[in-house]
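Q: Sequence first, then the predicted structure, then my questions.
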Amino acid sequence: MTEQPDDFDRFLEAPLPAGNPELRSKLLVQTTGVVRRRRYVRRAGLVATLAACYLAGMLTMRWTAPGPPPPEVAKLEPKQLTPKAAERPSTHARTEETAVAMEYRALDSSTGRAALYRQAGDRYEQNGDMASAVRCYRNAVKEDSASNLTISADDDWLLMALKEAKRKEMQHEQHNG
């Protein structure tokens, strides 16, 4: 059985018309312009998207960035001046001491070590160094007498927790020792 060619087959087999060269050049110019504009629009869209992402990132960092550190609130009282020191002007009066210097002063001191360790712990906590604050507060609790493990209104949460832990530890030793 042989198939008879239909209209579609005849259309495909027919030779292409020669066409109008003027029409072809117009069509090429229009098509080239459209393709070029689409490319520019696509690139501009990409640049605008990248700029919007960058701006959103900058704004996010601006809104979520922590504020400036709090100013040092606790200043040390100036040492009592002896009569000789009061007569001559002080050229380098120390109004503020670092937490590390306070801790070394507590370490070197023979009396009042608990209070010095507590001051150093307070300063460390103000500066956000919680590990050093815990170390100083533990030393303060260890140096302090057992009768001074009561929690006072001046204690912050960290010192309260350490005093409570030390008190429980001593109770446990009394019951098991």
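A: Noted; the coordinates are in hand. Everything numeric here is computed off the predicted structure, so don't read it as measured data.
Q: what's the longest helix in this protein?
A: helix 21-64 (DSSP state H).
Q: What average pLDDT does that one get?
A: The average pLDDT within helix 21-64 is 93.
Q: and it, how far out from the chain's middle?
A: 37 Å (Cα atoms, centre = their mean, to the nearest Å).
Q: Least confident secondary structure element in the protein?
A: In the chain, the helix or strand scored least confidently by mean pLDDT, DSSP states H and E is helix 83-87, which has a mean of 44.
Q: now the end-to-end length of stretch 134-153.
A: End-to-end distance for stretch 134-153: 19 Å, by Cα to Cα, to the nearest Å.
Q: Could you shift the numbering so residue one becomes 19, and keep it that way?
A: Will do, 19 is the new start, and the previous item becomes stretch 152-171.
Q: In that stretch, which residues are buried?
A: Neighbour-count burial for stretch 152-171, counted by 16 or more other Cβ atoms under 10 Å, picks out 152, 153, 154, 155, 156, 157, 158, 159, 161, 162, 167. C-beta here means a position set from N, CA and C on the backbone, and glycine is covered the same way.
Q: and the residues you listed, which two are the farthest apart?
A: With Cβ to Cβ as the measure, no two of these lie farther apart than 153 and 167, at 18.1 Å.
Q: Need the residues that contact stretch 159-174.
A: By Cβ atoms under 8 Å, 6 or more residues apart in numbering, the residues outside stretch 159-174 that reach it are 131-132, 135, 140, 143, 177-178, 180-182, 184-185, 188.
Q: how long is that stretch from one end to the other?
A: 13 Å.
Q: Stretch 153-167 now?
A: 17 Å.
Q: In helices only, show me the contacts of stretch 159-174.
A: Short answer: these in helices (DSSP H) are 131-132, 135, 140, 143, 177-178, 180-182, 184-185, 188.
Q: which of those residues lies closest to residue 50?
A: residue 143 (71.0 Å).
Q: picking up where we left off before, tell me the one of the contacts of stretch 159-174 nearest residue 39?
A: Nearest to residue 39 among the contacts of stretch 159-174, with distances taken as Cβ to Cβ, is residue 143, at 87.2 Å.
Q: Disregarding flanking residues, what is the spatial nearest neighbour of the closest one?
A: residue 151 (4.1 Å; Cβ to Cβ, 6 or more residues apart in numbering).
Q: could I get the buried residues of stretch 152-171 as CSV with secondary structure, pLDDT and distance to residue 56?
A: Formatted as CSV, the buried residues of stretch 152-171 follow (DSSP: H, G, I helix; E, B strand; the rest coil; pLDDT from 0 to 100; distance: Cβ to Cβ, whole Å):
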residue, secondary structure, pLDDT, distance to residue 56
152, helix, 87, 64
153, helix, 89, 67
154, helix, 87, 68
155, helix, 84, 69
156, helix, 86, 70
157, helix, 84, 73
158, helix, 83, 73
159, helix, 82, 74
161, helix, 80, 78
162, coil, 75, 79
167, coil, 71, 79
